[in-house]
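*Asks:* Here is a sequence with its predicted model. Questions after.
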Amino acid sequence: MRLWYYVILFIMNTFVQKVGENSIVLENKNSLDCYSRWPAPTIIFVDGPYGINGFPGDPKDTKFLPEIYAPHIAEWSKYAKPNTTLWFWGTELGWARMHHYIELNGWDYEQTFIWNKGIGHVAGNVNSKTIRQAPVVTEVCVRYTKRVFIENCEGKPLSLQEWLRSEWLRSGLPFSKTNEACGVKNAATRKYFTSDEMWYFPPANAMQLLAEYANLYGRAEGKPYFLIDGKMMTEDLWESMRAKWNHIHGFTNVWNLPALHNKERLKDSLKQKSLHYNQKPIAIIDYIIQTSSDTGDVVWDPFAGLATTAFCCRKLGRSCYSAEISEKTFKNACLRLSELEIMAI
């Protein structure tokens, strides 16, 4: 088995590992050359350049980030599913530089998470006579969800809210019947079919009942109603039209975890030097994967580093498709995934 890993590592520049029905794939390529071959993701985990000259390949200023990220963002939008979640790491300014580009490419902002490394991150490293700002001990990770549109019968793309109203109007039924259709007092007219900002995504079971009702009692000449990509409405189909969120109690949008200085920090076993200065804690990656995906889902990591995301996906029963452009970092990541001792390369 170890010989097989080495053949993959040094000849094909691709690491592939099957774990049950899931695949762990790491390629020594620019991820722009990989997206079209990877299966559509449920999570896109982005921990790339920060614009602080913090590691090899990281530009010295955030003003260079749009040029780097713009082609990637376009590809993420092209291959994302309606239920894809994008997690974008950076500094406050680095993320601020990119927010506009991300939104323009069809992503909706959901929430900002802050990794607080604590005072220990700078203890003994601050010169109070020369510093001109408060010490920085945080990074941000921002969650976006894919903006979803469905084409109506005329081929016009509509938001989910607009599409629901359009299909019900097309059926010829009065909106008052939506409450009867899904067995509620007034929630359907008040929440699911409202035209204002109080709109609420209908629960999957209610959506299937609404579709069945419209197809049973709606105008015969307009049937079928509530088709998505030619498919009849089901609970699973409707649920797939929005990003997943599996809430975990005890967590907030502030992650109070120290920077890695323990056994989790990967080091060259000979020189005991850190292999990558932007390595993230497993606990944070686990949280991101578990809240935004389910077992068997696909995670993309376009800037893999030491493949912590792939490492966590393997443990949590997800497939991971990732790329790392640095040959040295790629080889160390492959050794990590092969569970071999990491030596200096």
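*Replies:* Done, it's in.
*Asks:* Please enumerate the helices of the stretch 101-250 of the chain.
*Replies:* Using DSSP state H, counting those that start in this stretch, the helices found in the stretch 101-250 of the chain span residues 160-171, 177-182, 187, 204-217, 235-239.
*Asks:* between those, which one is nearest to Tyr109?
*Replies:* With CB to CB as the criterion, Tyr109 lies closest to helix 160-171 of the helices of the stretch 101-250 of the chain, at 17.2 Å. All C-beta spots, glycine's among them, are computed from the backbone N, C-alpha and C.
*Asks:* Just give me how far the closest one sits from the chain centre.
*Replies:* Distance of helix 160-171 from the chain centroid (CA atoms, centre = their mean, to the nearest Å) equals 29 Å.
*Asks:* In TSV, list the helices of the stretch 101-250 of the chain along with mean neighbour count and mean pLDDT.
*Replies:* Converted to TSV, the helices of the stretch 101-250 of the chain look like this (neighbours: other CB atoms under 10 Å; pLDDT from 0 to 100):
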stretch	mean neighbour count	mean pLDDT
helix 160-171	19	97
helix 177-182	19	95
helix 187	17	90
helix 204-217	19	97
helix 235-239	16	98
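*Asks:* pLDDT value on Leu275, please?
*Replies:* Among the per-residue scores, Leu275 shows a pLDDT of 53.
*Asks:* Report the secondary structure element holding Ala74.
*Replies:* helix 65-79 (DSSP states H and E).
*Asks:* Specify the next element, helix or strand, located C-terminal of that helix.
*Replies:* strand 85-90.
*Asks:* Pairing partners for that following strand, with directions?
*Replies:* strand 43-46 (parallel), strand 138-146 (antiparallel) (DSSP bridges).
*Asks:* Quick check: buried residues in it?
*Replies:* Buried residues in strand 85-90, counted by 16 or more other CB atoms under 10 Å: 85-90.
*Asks:* picking that back up, per-residue confidence averaged over the helix holding Ala74?
*Replies:* So the average pLDDT for helix 65-79 ends up being 98.
*Asks:* how about it: buried residues?
*Replies:* Quick answer for helix 65-79 (16+ other CB under 10 Å): 65, 69, 72-77, 79.
*Asks:* Format those residues as TSV; extra columns: distance to Ile325.
*Replies:* Formatted as TSV, the buried residues of helix 65-79 follow (distance: CB to CB, whole Å):
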residue	distance to Ile325
Leu65	16
Tyr69	14
His72	12
Ile73	17
Ala74	18
Glu75	15
Trp76	17
Ser77	21
Tyr79	19
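*Asks:* Tell me the one of these nearest Arg165?
*Replies:* Ser77 (25.7 Å).
*Asks:* Now Ser166: closest residue in space, sequence neighbours ignored.
*Replies:* Excluding its sequence neighbours, the residue lying closest to Ser166 (CB to CB, 6 or more residues apart in numbering) is Asn152, at 5.2 Å.
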